[in-house]
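Engineer: Provided below for reference: sequence and predicted model.
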Amino acid sequence: MELETELFIEQLRKGDRAACQRLVGDLGPSVFQMVRRIVERQEDAEEVWQDVFVKALRGIGGYDNRKASLSTWLCRIAYHESLNFVRTRRPDIVYMDEHDLGLNGLDDAPEESAYDSQTVQALEEALEMLPPHEQAVITMFYYDNMSLADIAYITGSIPSTIGSQLSRIRKKLYRIIKSKYA
C-alpha cells in the first residue's frame with residue numbers, strides 16, 4: 001500500500017475529522033450505489049448508508065489492507081448491512097425461482113440477441129424478481145466491474161463460487177425473460 005493511503009488509514013484510526021469527511025466524500029457515492037441496488041426505498045437506503053459509515057469508522061481498527069482495498073472493504077460492509085436491512089425490515093417479500101415460474105424444461109444456453117430498449121427493460125424487470133443477494137452479485141460484476149475476488153470478499157465467499165453463482169443467475173434471468181416474452 002502506498003504511503004499516502006497508509007497515512008490516511010492511520011488518520012481514520014485516530015478519529016481525525018477531516019479524514020472521516022474525506023472518506024465519506026471520496027467513497028460515499030459508490031457505497032450508496034451498492035446500498036441503493038439492494039435497498040429499494042431512497043430513505044431506507046440513506047439510513048443504511050449512514051449505518052455503513054458508522055460501522056466502518058468504528059471498526060477501522062480491524063481493517064486489513066492485505067485482504068482488500070478500503071473501497072472493497074466498505075462495499076463488504078455495505079453489502080451485509082443492506083442485506084440485513086432487507087431481511088429484518090421486509091420479511092414479506094416473496095421471490096420467484098425457476099420452479100415457481102415453471103421454467104425447468106427451458107434451454108440453459110441463452111441465444112444471442114441485439115440489445116434494444118425492450119431487451120433492457122425485460123432484463124431490468126427480471127433483475128427485480130431476483131433475491132437481493134443475486135441482484136447484488138450481478139450488479140457488482142456487470143455494473144461495478146468488480147472482480148470475482150472482490151465480490152467473493154464482499155459476500156464472504158470464494159471466487160469459484162461467485163463464478164458458479166453468476167452462471168446460474170444469468171441462466172435464471174434468461175429463463176425469466178424467455179417466459180415473459182415467449
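Structural biologist: All right, it came through fine.
Engineer: in this structure, which ranges drop under the pLDDT threshold?
Structural biologist: Residues of the chain that meet the criterion pLDDT under 70 lie in 1, 90-116, 181-182.
Engineer: what are the ranges of the helices in it?
Structural biologist: Residue ranges of the helices in the chain, as given by DSSP state H, are 3-13, 17-38, 42-58, 70-89, 98-101, 117-128, 132-142, 148-155, 159-181.
Engineer: Compare those helices and give me the one nearest Asp64.
Structural biologist: helix 70-89 (8.3 Å; Cβ to Cβ). In short, each C-beta sits where N, CA and C put it, glycine included.
Engineer: Can you list the buried residues in the closest one?
Structural biologist: Residues of helix 70-89 classed as buried: 70, 72-79, 81-83, 85-86 (neighbour count, 16 or more other Cβ atoms under 10 Å).
Engineer: what's the angle from that helix to helix 3-13?
Structural biologist: 40 degrees (axes from the mean of the first three to the mean of the last three Cα atoms, to 10 degrees).
Engineer: State the distance from the spatially most central residue of the chain to Ile162.
Structural biologist: Centroid-nearest residue in the chain, with Cα atoms, centre = their mean: Ala136, separated by 3.3 Å. Going from Ala136 to Ile162 by Cβ to Cβ, to the nearest Å gives 11 Å.
Engineer: Same question for Leu27.
Structural biologist: As judged by Cβ to Cβ, Leu27 and Ile162 stand 22 Å apart.
Engineer: Of these two, which one has the most company?
Structural biologist: Ile162 (23 against 19; other Cβ atoms under 10 Å).
Engineer: Let me know whether that one touches Thr155 as I believe.
Structural biologist: Yes - between Ile162 and Thr155 there is a contact under Cβ atoms under 8 Å: 7.0 Å.
Engineer: can you list residues touching both of these two?
Structural biologist: Counting by Cβ atoms under 8 Å, 6 or more residues apart in numbering, the shared contacts of Ile162 and Thr155 are Val137.
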